[in-house]
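Chemist: I need the structure of the sequence given here:
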Amino acid sequence: MLEVISEFWSEYGGILLTGTRDTLVMVLISTLFAYLLGLPLGVALTVTQPHGICPNKLVNRILGWIVNIGRSIPFIILMVMLFPATRAILGRGTGTVSIIIPLTVSAFPYVARMVEGSLLEVDNGVVEAAQAMGSTTFQIVRKVLIPEAMPSLVNGFAICITTILGYTAMAGTAGGDGLGKVAITY
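Modeler: Residues are numbered from 1 along each chain as shown. A predicted model of the protein is given here:
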């Protein structure tokens, strides 16, 4: 048994380690960018709701439309749609770095909705108390909403990173590197 494992590792070990590294790079970087886009978007969706801190029906509808469109496009189709943009930005459409763009574009609408849902779970009385004390919108978001929603935001982070990890497997079918490519090739 040990001999079989040793033989397998000597033949495929390097490939698996490279695939794991590429997958981690794709997941971590695209998650970072998805949160850089999705977190402010989710906050804006929450704040501009009709019963939000700064209600703005038009802004809320436009942002909601953007998020809904982004969430409704399946990842594999989005990836193919973004090949020209990826090539224009990076000079090529395949590889570890190239897949980060479609992963980010597909994930940030999910992040925005996760953040919105987490912030909506915060007790309205806490927000009203901060408003009564004269807090600005930015102070309420930074010192009340986000800290109060942190457990839910962490849970949403775990779900988002798992979703992005699943997307990397699909990315391997269309020119991405990582374990998805390893699984298809070997």
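
Chemist: what is the neighbour count of the nearest residue to Tyr167 once chain neighbours are set aside?
Modeler: Spatial nearest neighbour of Tyr167, excluding adjacent residues (CB to CB, 6 or more residues apart in numbering): Phe75 at 5.0 Å. Heads up, the C-betas are built off the backbone N, CA and C, glycines and all. Burial measure for Phe75: 20 neighbouring residues, criterion other CB atoms under 10 Å.

Chemist: ok, now the one 3 residues further on?
Modeler: Counted by other CB under 10 Å, the residues lying close to Leu78 total 16.

Chemist: same question, the one 3 residues further on
Modeler: The burial metric for Met81, expressed as a neighbour count using other CB under 10 Å, is 12.

Chemist: quick one: contacts for it?
Modeler: Residues in contact with Met81, defined by CB atoms under 8 Å, 6 or more residues apart in numbering, are Ile73.

Chemist: surely Ala112 meets Thr46?
Modeler: No: judged on CB atoms under 8 Å, Ala112 makes no contact with Thr46 at a distance of 9.7 Å.

Chemist: look at the two and report which has more neighbours.
Modeler: Set side by side, Ala112 and Thr46 show more neighbours around Ala112, with 28 against 22, by other CB under 10 Å.

Chemist: mind listing what that one touches?
Modeler: Residues near Ala112 by CB under 8 Å, 6+ apart: 37-39, 41-42, 45, 63, 67.

Chemist: one more: Val67?
Modeler: 41, 45, 109, 112-113.

Chemist: please apply the same query to Val154.
Modeler: Counting by CB under 8 Å, 6+ apart, Val154 has no contacts.

Chemist: show me the longest helix that occurs in this protein.
Modeler: helix 2-47 (DSSP state H).

Chemist: counting by contacts, list what that one packs against.
Modeler: The contact analysis (3 or more CB pairs under 8 Å, 6 or more residues apart in numbering; DSSP states H and E) places helix 2-47 against helix 57-72, helix 96-120, helix 146-171, helix 179-185.

Chemist: wait, which of those is closest to Thr136?
Modeler: helix 146-171 (14.4 Å; CB to CB).

Chemist: now the angle between helix 2-47 and that closest one, please.
Modeler: 130 degrees (axes from the mean of the first three to the mean of the last three CA atoms, to 10 degrees).

Chemist: got the buried residues for helix 146-171?
Modeler: 146, 148-149, 152-153, 156-157, 160-161, 163-165, 167-171 (16 or more other CB atoms under 10 Å).

Chemist: among the contacts of Ala112, which one has the most neighbours?
Modeler: Gly42 (29 neighbours).

Chemist: related to what we said a few turns ago, and the helices and strands packed on helix 2-47 as TSV, adding distance to Ile89 and mean pLDDT?
Modeler: Listed next are those as TSV, based on distance: least, CB to CB, whole Å; pLDDT from 0 to 100:
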stretch	distance to Ile89	mean pLDDT
helix 57-72	18	95
helix 96-120	7	93
helix 146-171	16	92
helix 179-185	21	74
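
Chemist: fine by me, we can end here.
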